[in-house]
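Chemist: Sequence first, then the predicted structure:
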Amino acid sequence: MKPQTQFCKRVGTPTKEDPAGGGTHADGSKSLVYCSYCYRDGAFVDNFHSANEMVHFVRGKLREMGIGPLRRWLYTLHIPRLERWSGS
């Protein structure tokens with residue numbers, strides 16, 4: 001079995017921070033690539049089509065959590081470079 005990645009390849013969430021231990025494929029098996037916040041039952045849970053949309057969404061969630069603007073910016077810098085968004 002292929003080892004699970006350390007970070008979701010869509011938002012960069014650390015695997016250890018995902019309470020479900022990863023997303024799920026349509027057959028119920030665990031995804032080794034995406035977290036449960038992004039991927040359930042074999043599909044993405046939202047309709048984001050670009051890294052910019054994802055960055056905006058994540059920054060909003062971080063704002064709700066009380067994270068300041070500098071840390072929000074820093075925490076989302078990597079998103080456009082993740083595998084899911086390469087080429088978008």
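Modeler: That came through fine.

Chemist: So which elements touch the longest helix along the chain?
Modeler: If you go by DSSP state H, the chain has its longest helix at helix 51-64. In terms of contacts (3 or more CB pairs under 8 Å, 6 or more residues apart in numbering; DSSP states H and E), helix 51-64 is packed against helix 69-76. Quick note: C-beta positions are derived from backbone N, CA and C, even for glycine.

Chemist: Check what pLDDT residue 5 gets.
Modeler: pLDDT recorded at residue 5 is 62.

Chemist: Hmm, I typed the wrong one, I wanted residue 15.
Modeler: For residue 15, the model assigns a pLDDT of 81.

Chemist: neighbours around it, how many?
Modeler: By the measure other CB atoms under 10 Å, the count of residues near residue 15 is 14.

Chemist: ok, now the one 5 residues further on?
Modeler: When neighbours are defined as other CB under 10 Å, residue 20 has 11 of them.

Chemist: ok, the residue nearest the centre of the chain to residue 69 distance?
Modeler: Taking CA atoms, centre = their mean, the centroid of the chain lies closest to residue 11, which sits 2.6 Å from it. Here residue 11 is placed at a distance of 19 Å from residue 69 (CB to CB, to the nearest Å).
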